[in-house]
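In: When you get a sec, could you give me coordinates for this:
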Amino acid sequence: DELRLRSGSKPYERLLDEDFLPSERTIFRDSMTGNETWKMTHDPAIVRHNYYDVPAWSRDGARMLVSHQGGVTANPNWLIDADGRALRLLPATSVVDLEWSWLDADRLYGLDGSEIVRVDWPTWTVESLFDFDSVSPPIDSDLIYLVPAHPLDDRLLFHSREQGRFFSFDPDLLELTEIWTDGRWALDDGIHRLRWTKDPDHHVFFGQNWRLVDGLPTFERRQFIVPLTGAFEPLDENMLPGPDDPTKHPDLTIHPPALAGFIGWDFWIYYCNAEKPSRILYGAPGAHHGSLSFDDRWFVIDNQNDLDYEVDGLNVSDSHVIMSLDGRAQMVLNYHYSLQADLLSHTEPRPSSSPDGTKCVYDSNMMNRGQPGAEGSSEVYVVVVRRPFPPTDLDAVAGPGEVRLSWSRPEHSPNGIYWNPGNLSREISGYHVWRADTSGGPYEQITAEPVTDTSYADDTVAPDTPYYYVVQSIEPSGLGSVFSNEDAASTTA
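Out: Numbers count the residues shown, from 1 in each chain. Here you go, the predicted model:
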């Protein structure tokens, strides 16, 4: 109730003077799950990024890209620091379809009219990379949309909707390649969920909604993997095996190779190599949207319905679930309610996992329900799914007047994934060092700010004294891990 009473107005003059607004983050615990939840904005017009599986997070998890639906500014794009420290309205520009780079945490790509552009933050330098007006036959730039970059090399993927033309763009070589043209998808809504797979051979994955049959639009949901050569017949050998019923919002995993998506209101997993049986992982009226974590191990889904539905005695009619693709499930939040910007009377929180899967960003208007003029407006929330992984291999060695510490950055995934070089955590930005006089603590933090290296020299020690150390991983969001292994060293007299 207290959150509801806060004013959502923003001092626009202060934003112009200081280039950012101070933190609006309010931390509370979800009443059903007990999970820590952050209300990131207090402006009913700011909602999350444009679609549920489009990454809102920068590659290091330091910032989120969100949009403004109120129509009061020339540019609807905002950046929010992961810890809520600052909200920045990006400069007015005609750049649209902004997507984060997977290689540079301060870089985005977008479309500016007919031009592909690269945008560098924080200088907001916009560099033109290619002009679609130079393509023959010509393309209507209003009908082109950009999808998220490839995680290995930032290669971009474009689709000209009403021409059935597909393009790949290399931002390093500045080369545009027309992958293929197929008139069967020369429809505005013919292709749904066009995405790169994460393999190094740059295959393309997409779901089909409609196709032209004898010149007539025919509804037919199917899924395809397509090589970049364009030498294929998509309706034949490249169709993914899958359930017979139409699949909504499909995602393709690589480890294991599987198709995950919604059939009816149930969430299915279909193993493409037939080594495991297809099955319902989660069934509930309202299951509709979801996205994979970066390592393909978890799928976050929402229930977008007001219907009462119970799982293990809990009403999950308004909740979203972190779902492991091996069948494990965990309800992380009861978000109560959310609406699309067009005020449709159903929920669409569009949950999206952070790069390391420690957090999930989503929309909700639960604080605006019953508020005149604001009931259809959503705000930005983050729920903590788990803590970061702790550092490993802590080693303490005493030297003259100091104790030298070294440790290893934690792995992101114990199984390793080839599109994350080194398999190291992406979101960890530093470490805090803690010290105790006895083994097991209590420990005292001795670093005022997180150190960015994986080593530290403690020169605040006394001679001929044993010390016990642990180290803690820290994210830009402020989330900290549990402690690392303990190691001890004794100074000499």
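In: ranges for the strands of the stretch 351-493 of the chain?
Out: Counting by DSSP state E, counting those that start in this stretch, the stretch 351-493 of the chain forms strands over residues 352-353, 359-364, 379-384, 392-399, 402-408, 430-436, 444-445, 455-458, 466-474, 487-490, given from the N-terminal end onward.
In: Hmm, I typed the wrong one, I wanted the stretch 101-250 of the chain.
Out: Residue ranges of the strands in the stretch 101-250 of the chain, as given by DSSP E, counting those that start in this stretch, are 107-112, 115-120, 125-131, 144-147, 156-160, 165-170, 175-181, 191-196, 204-213, 216-226, 248-253.
In: What pairs with the second one, parallel or antiparallel?
Out: Looking back up the chat, that one is strand 115-120. Strand pairing for strand 115-120, using DSSP bridges, gives strand 107-112 (antiparallel), strand 125-131 (antiparallel).
In: Could you export those as CSV, including distance to Ala149?
Out: The way it works is simple: take the backbone N, C-alpha and C, and place the C-beta from them, glycine included. CSV is the format used below for those (distance: least, CB to CB, whole Å):
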stretch, distance to Ala149
strand 107-112, 6
strand 125-131, 12
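In: Looking at the ones you listed, spot the one closest to Ser406.
Out: Between Ser406 and these, the tightest spacing by CB to CB is seen for strand 107-112, at 31.4 Å.
In: picking up where we left off before, and among the strands paired with strand 115-120, the most buried is which?
Out: The highest average neighbour count among the strands paired with strand 115-120, using mean count of other CB atoms under 10 Å, belongs to strand 107-112 at a mean of 21.
In: Tabulate the CA atom coordinates of that strand in PDB.
Out: These are the backbone C-alpha positions of strand 107-112, laid out as PDB (Å, rounded to 0.1, in the frame of the first residue of the first chain):
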ATOM      1  CA  ARG A 107      27.600  -1.000 -27.700                       C
ATOM      2  CA  LEU A 108      24.200  -1.400 -29.300                       C
ATOM      3  CA  TYR A 109      23.000  -1.800 -32.900                       C
ATOM      4  CA  GLY A 110      19.900  -0.300 -34.500                       C
ATOM      5  CA  LEU A 111      18.200   1.000 -37.600                       C
ATOM      6  CA  ASP A 112      18.000   4.600 -38.500                       C
END
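In: Give me the average confidence score over it.
Out: Strand 107-112 shows a mean pLDDT of 89.
In: Next: stretch 132-145.
Out: Per-region confidence: stretch 132-145 scores 77 on mean pLDDT.
In: end to end, how far does it reach?
Out: For stretch 132-145, the first and last residues are 12 Å from each other (CA to CA, to the nearest Å).
In: which outside residues touch that stretch?
Out: The set of residues external to stretch 132-145 that reach it, using CB atoms under 8 Å, 6 or more residues apart in numbering, is 97, 111, 113-116, 158-163, 165, 176, 178, 188.
In: Pull out the buried members of the residues you listed.
Out: The neighbour-count test (16 or more other CB atoms under 10 Å) applied to the contacts of stretch 132-145 identifies Asp97, Leu111, Ser114, Glu115, Ile116, Phe158, His159, Ser160, Arg161, Gln163, Arg165, Leu176 as buried.
In: coming back round to it: for Phe294, find the nearest of the strands paired with strand 115-120.
Out: Each of the strands paired with strand 115-120 was checked against Phe294 via CB to CB, and the shortest separation belongs to strand 107-112, namely 17.4 Å.
In: Run the angle between that closest one and strand 165-170 for me.
Out: With axes from the mean of the first three to the mean of the last three CA atoms, to 10 degrees as the criterion, the two stretches strand 107-112 and strand 165-170 enclose an angle of 140 degrees.
In: can you tell me which residues contact the closest residue to Thr460 other than its chain neighbours?
Out: Once its chain neighbours are removed from consideration, Thr460 has its nearest residue in Ile446; the separation is 6.7 Å (CB to CB, 6 or more residues apart in numbering). Counting by CB under 8 Å, 6+ apart, Ile446 makes contact with Val433, Trp434, Arg435, Asp458, Thr460.
In: Need the phi and psi values for the last one.
Out: Looking back up the chat, that one is Thr460. When quoted as degrees, to the nearest 10, the phi and psi of Thr460 stand at phi -100, psi 30.
In: Let me know the distance separating it from Glu444.
Out: Distance of Thr460 to Glu444, given as CB to CB, to the nearest Å: 11 Å.
In: repeat for the fourth one
Out: With distances defined as CB to CB, the gap from Asp458 to Glu444 amounts to 12 Å.
In: likewise the third one?
Out: For Arg435, the distance to Glu444 (CB to CB) stands at 6 Å.
In: Which one of the two is surrounded by more residues?
Out: Higher neighbour count among Arg435 and Glu444: Arg435, with 20 against 10, using other CB atoms under 10 Å.
In: The more buried one reaches Thr465, doesn't it?
Out: No: counting by CB atoms under 8 Å, Arg435 sits too far from Thr465 to count as a contact (10.9 Å).
In: buried set for the helix or strand containing Phe28?
Out: Assessed by DSSP states H and E, Phe28 sits inside strand 26-29. When burial is assessed from 16+ other CB under 10 Å, strand 26-29 yields the following buried residues: Thr26.
In: contacts for it?
Out: Leu3, Asn35, Glu36, Thr37, Trp38, Lys39, His42.
In: Dump the strands of the stretch 101-250 of the chain to a markdown table, plus distance to Ala86.
Out: Putting those into a markdown table (distance: least, CB to CB, whole Å) gives the following:
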| stretch | distance to Ala86 |
| --- | --- |
| strand 107-112 | 17 |
| strand 115-120 | 18 |
| strand 125-131 | 20 |
| strand 144-147 | 27 |
| strand 156-160 | 29 |
| strand 165-170 | 32 |
| strand 175-181 | 36 |
| strand 191-196 | 31 |
| strand 204-213 | 36 |
| strand 216-226 | 41 |
| strand 248-253 | 32 |
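In: now, which of the contacts of strand 26-29 sits nearest Arg387?
Out: Out of those, the member with the shortest distance to Arg387 (by CB to CB) is Glu36, at 9.9 Å.
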